[in-house]
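**Q** Just to be clear, the model below is a prediction. Sequence and coordinates:
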Amino acid sequence: MFKRILIANRGEIALRVIRACRELDVETVAIFSEADRGAPYLELADEAICVGPARAADSYLRIDRVISAAEIGNVQAIHPGYGFLSENSHFAEVCRSCDIGFIGPTPEAMERVGDKNSARALAREAGVPTVPGSDGLVSSEQEAVRVAKEVGYPVLLKATAGGGGKGMRVAANELALANAWQQASAEAQAAFGNAGIYIERYVERPRHVEIQILGDQHGTIVHLWERDCSTQRRHQKLIEESPSPRLPQETRKKMCEAAVRLAKAAGYYSAGTVEFIVDQQDNFYFIEVNARIQVEHPVSEMVTGIDLVKAQIRVAAGEKLDLVQKDIVPRGHAIECRINAEDPAHNFRPCPGRIERIIAPGGFGVRFDSHDSLVGKLIVHQPTRQEAIRTMIRALKELRVEGIKTTVPLHLEVLANTAFHEAQVDTTFVERMLAR
Amino acid sequence: MSAAEKSGDLYNVKKLRRLIELMKEHDLSEIDLKEADHHVRIKRGGEVIATTAAPVALPASRQSAAEPARQSAADAGMLVIKSPMVGTFYKASGPDSAPFVKVGDRIGPEKTVCIVEAMKVFNEIPAGVSGQVVAILVENGAPVEFGQPLIKVDPGA
């Protein structure tokens, strides 16, 4: 096991890693930018090193400074947290060349899953369903019609392989396709100098379901079941829960097995997430891999009883996972609310400022992991979904944040909504609710 | 350090902060202070109003809250050369070489005052200021963080 590690992150996740290390008897070196000087969590680290000025680009994102801090801090490994350098394969490679452990997957595995196109190709090789599509640019209307017929209507036309939004058009049938093709290819030409368009099946009102995976360096890889993150607003996750309500057991098992197959094909170890969308008929399609620990990891920790961050550190040190898939049985229902500093009364404009006072909720089945860019993550765990919802409402009402506006009223509105109770939730639910 | 901070205690950010804390403690909504030709009025729930030729803004975030503490590392009128990076401090280019600077040396901005080694790269650190070296604040071979005071310089000497 490592004796001492550096945490290349800040705030809530830095604190989460420090806590895991203390339980593992591993010393910690925290790094910070001048913006975070004096932050309380830094006192819990064994050492704290300032690596640069307030701007993340000059501090947390500077590989040379982070590595220098690791060298003077005399650590054996770096935990990258989420965001910042966590999915930067070059950083993982620099760590390796400096003989510093990286608490995450190898740079090679990260690259295999990091690029959307290569990840899709890998998924298909591993027999993991992807959204049917053109697999490359379509350059004529005739070809577009042929591809659309193959993948099935409605189809989505888009100018880039990734998301983005530029030049995106939905066509419900062949007639609409002609129109959409003209517009989308003109926009693509204007924006990218190339009239070529990707075509894929448009999945209407999908659910966002992701599988937590965990692997060691000895070939064992398991899943910790799913998290449903469909309750989102403008692609920002608001509520995550596990198990995913209304997901048939057969589909759940297939998705988890697919995620493990993909991770094995990528030579992936450590913690990671395989994201899928699920359509109204419960067909699932691979979207992407998040090669890091995620914000919403506590949801899976609550239902499985497995400390993901400790496991991540152990496997990075070369230990074998002492887990067998059949023993990982989800228990009860966990819900997480991400509480942001935004003002729901004014179209969720960011509401930064000094938090004058915060009273964290507590009690049976309640966990509050305080953030700062987010205000906090509130997680509850109860035997059933209905009980979890009740506890979450109770805890949200107990939470007091003074000095800034937060998304708590929106969370309460969602939790009181009949459609949410009946689990009639897809990624468009919150916006439809707000439009009413 | 701004002129206002030097001229009057009233404009010391730390003191302003303390005043505001006192106001909160005792639930005061407004205080009004005069000292010589300086005047500070603070209202709670609104903005800080400092009626003076050189208005002082209240630090809004932790960023600036750290400033006074670090500035106090420099004695009045002294300048401090700070480390621009994380690394290891060396006062000479090699174990047998003379140090770049010693206490009492007069230096100009271009003068290399030390080396900070980061990732096997030896970065020569220029003084950036003129004056007389008053103190070398770090041991040879010691690790230094970003912004750590390295050398104290008296610009007036």
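**A** It's in.
**Q** where along chain B do the helices fall?
**A** Applying DSSP state H to chain B gives helices spanning B:3-7, B:13-25, B:62-65, B:67-71.
**Q** swap in the stretch 301-436 of chain A?
**A** A:308-316, A:385-398, A:408-416, A:418-421, A:429-435 (DSSP state H, counting those that start in this stretch).
**Q** Okay, buried residues for the host helix or strand of residue A:214 please.
**A** Residue A:214 belongs to strand A:207-215 when elements are defined using DSSP states H and E. Buried residues in strand A:207-215, counting neighbours by 16 or more other CB atoms under 10 Å in any protein chain shown, are found at A:207-215. Every C-beta, even on glycine, is put in place using the N, C-alpha and C of the backbone.
**Q** next one: stretch A:17-26
**A** Result for stretch A:17-26 [16+ other CB under 10 Å]: buried residues A:17-21, A:24, A:26.
**Q** so residue A:64 makes contact with residue B:117?
**A** No. In this structure residue A:64 lies outside contact range of residue B:117 using CB atoms under 8 Å: 11.8 Å.
**Q** Which one's more surrounded, those two?
**A** residue B:117 (19 against 15; other CB atoms under 10 Å in any protein chain shown).
**Q** residues touching whichever residue of the stretch 151-300 of chain A sits closest to chain B, list them.
**A** Residue nearest to chain B within the stretch 151-300 of chain A (CB to the nearest CB): residue A:295, separated by 22.2 Å. Residue A:295 makes contact with A:13, A:82, A:237, A:338, A:374, A:377 under the criterion CB atoms under 8 Å, 6 or more residues apart in numbering or on different chains.
**Q** Out of the helices of chain B, which gets the lowest mean score?
**A** For these, mean pLDDT drops lowest on helix B:62-65, to a mean of 32.
**Q** which parts of stretch B:87-97 are buried?
**A** For stretch B:87-97, by 16+ other CB under 10 Å, it's B:87-91.
**Q** The residue in chain B that chain A sits nearest to pairs with what?
**A** Among all residues of chain B, residue B:143 sits closest to chain A, at 3.4 Å; criterion: CB to the nearest CB. Taking DSSP bridges as the rule, residue B:143 bridges to residue B:88.
**Q** Not counting sequence-adjacent ones, nearest residue to the residue in chain A that chain B sits nearest to?
**A** Proximity of chain A to chain B (CB to the nearest CB) peaks at residue A:72, 3.4 Å away. Closest residue in space to residue A:72, ignoring its immediate chain neighbours: residue B:143 at 3.4 Å, by CB to CB, 6 or more residues apart in numbering or on different chains.
**Q** Pretty sure the one you found sits against residue B:83.
**A** No. Residue B:143 lies out of contact with residue B:83 (CB under 8 Å); the separation is 9.9 Å.
**Q** Give me whichever of the helices of the stretch 301-436 of chain A is most buried.
**A** helix A:308-316 (a mean of 22; mean count of other CB atoms under 10 Å in any protein chain shown).
**Q** what number of residues lie near residue A:403?
**A** For residue A:403, using other CB under 10 Å, the count is 12.
**Q** The spatially most central residue of chain A sits in which helix or strand?
**A** Among the residues of chain A, the one closest to the centroid is residue A:294, at 4.7 Å (CA atoms, centre = their mean). Counting by DSSP H and E, no helix or strand carries residue A:294.
**Q** which residues touch it?
**A** So residue A:294 contacts A:82, A:273 (CB under 8 Å, 6+ apart).
**Q** Quick one: neighbours of residue A:251, just the number.
**A** 17.
**Q** Can you report phi and psi for it?
**A** Main-chain torsions, residue A:251, degrees, to the nearest 10: phi -60, psi -40.
**Q** contacting residues for the residue nearest to it when sequence neighbours are not counted?
**A** Closest residue to residue A:251 apart from its sequence neighbours, by CB to CB, 6+ apart: residue A:282 at 4.9 Å. Shown in contact with residue A:282 (CB under 8 Å, 6+ apart): A:247-248, A:251.
**Q** okay if I get those residues as CSV plus distance to residue A:386 and pLDDT?
**A** Listed next are the contacts of residue A:282 as CSV, based on distance: CB to CB, whole Å; pLDDT from 0 to 100:
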residue, distance to residue A:386, pLDDT
A:247, 17, 96
A:248, 20, 97
A:251, 22, 98
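**Q** in which helix or strand would I find residue A:14?
**A** helix A:11-24.
**Q** C-alpha coordinates for that helix, PDB please?
**A** The C-alpha atoms that make up helix A:11-24 are tabulated as PDB, following Å, rounded to 0.1, in the frame of the first residue of the first chain:
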ATOM      1  CA  GLY A  11     -13.100  20.900  -2.400                       C
ATOM      2  CA  GLU A  12     -15.400  18.100  -1.800                       C
ATOM      3  CA  ILE A  13     -13.600  15.400  -3.700                       C
ATOM      4  CA  ALA A  14     -10.200  16.300  -2.100                       C
ATOM      5  CA  LEU A  15     -11.900  15.900   1.200                       C
ATOM      6  CA  ARG A  16     -13.500  12.600   0.200                       C
ATOM      7  CA  VAL A  17     -10.000  11.300  -0.800                       C
ATOM      8  CA  ILE A  18      -8.400  12.600   2.400                       C
ATOM      9  CA  ARG A  19     -11.100  10.800   4.500                       C
ATOM     10  CA  ALA A  20     -10.500   7.500   2.600                       C
ATOM     11  CA  CYS A  21      -6.700   7.900   3.100                       C
ATOM     12  CA  ARG A  22      -7.100   8.400   6.800                       C
ATOM     13  CA  GLU A  23      -9.000   5.200   7.100                       C
ATOM     14  CA  LEU A  24      -6.400   3.400   5.100                       C
END
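**Q** next SSE after that helix?
**A** Defined by DSSP H and E, the subsequent element after helix A:11-24 is strand A:27-33.
**Q** And the strands in chain B, which stretches?
**A** B:30-35, B:38-43, B:48-49, B:79-82, B:87-90, B:106-107, B:112-118, B:121-126, B:131-136, B:143-144, B:149-154 (DSSP state E).
**Q** So which of these is the most surrounded?
**A** It is strand B:143-144: most buried of the strands of chain B by mean count of other CB under 10 Å, with a mean of 24.
**Q** Return the list of helices and strands in contact with that one.
**A** helix A:63-73, strand B:87-90 (3 or more CB pairs under 8 Å, 6 or more residues apart in numbering or on different chains; DSSP states H and E).
**Q** Repeat the analysis, applying 10 Å as the threshold.
**A** strand A:47-52, helix A:63-73, strand B:87-90, strand B:112-118 (3 or more CB pairs under 10 Å, 6 or more residues apart in numbering or on different chains; DSSP states H and E).
**Q** Out of the ones you listed, the one nearest residue A:424 is which?
**A** helix A:63-73 (45.0 Å; CB to CB).
**Q** tell me which strands and helices the helix or strand just after that closest one is in contact with?
**A** Where DSSP H and E defines the elements, the next helix or strand beyond helix A:63-73 is strand A:77-79. Contact here means 3+ CB pairs under 10 Å, 6+ apart; on that basis strand A:77-79 packs against strand A:4-7, helix A:11-24, strand A:27-33, helix A:63-73, helix A:89-97, strand A:101-102, helix A:308-316.
**Q** what angle separates the second one from helix A:308-316?
**A** Helix A:11-24 and helix A:308-316 are oriented at 60 degrees to each other (axes from the mean of the first three to the mean of the last three CA atoms, to 10 degrees).
**Q** how about the residue nearest to residue A:72, what does it touch?
**A** A:47, A:49, A:68-69, A:71-74, B:83, B:86-89, B:116-117 (CB atoms under 10 Å, 6 or more residues apart in numbering or on different chains).
**Q** tell me the domain ranges of chain B?
**A** B:3-71, B:79-154 (automatic domain parsing).
**Q** tell me how far the ends of the last one are from each other?
**A** Length of domain B:79-154, first residue to last, CA to CA, to the nearest Å: 6 Å.
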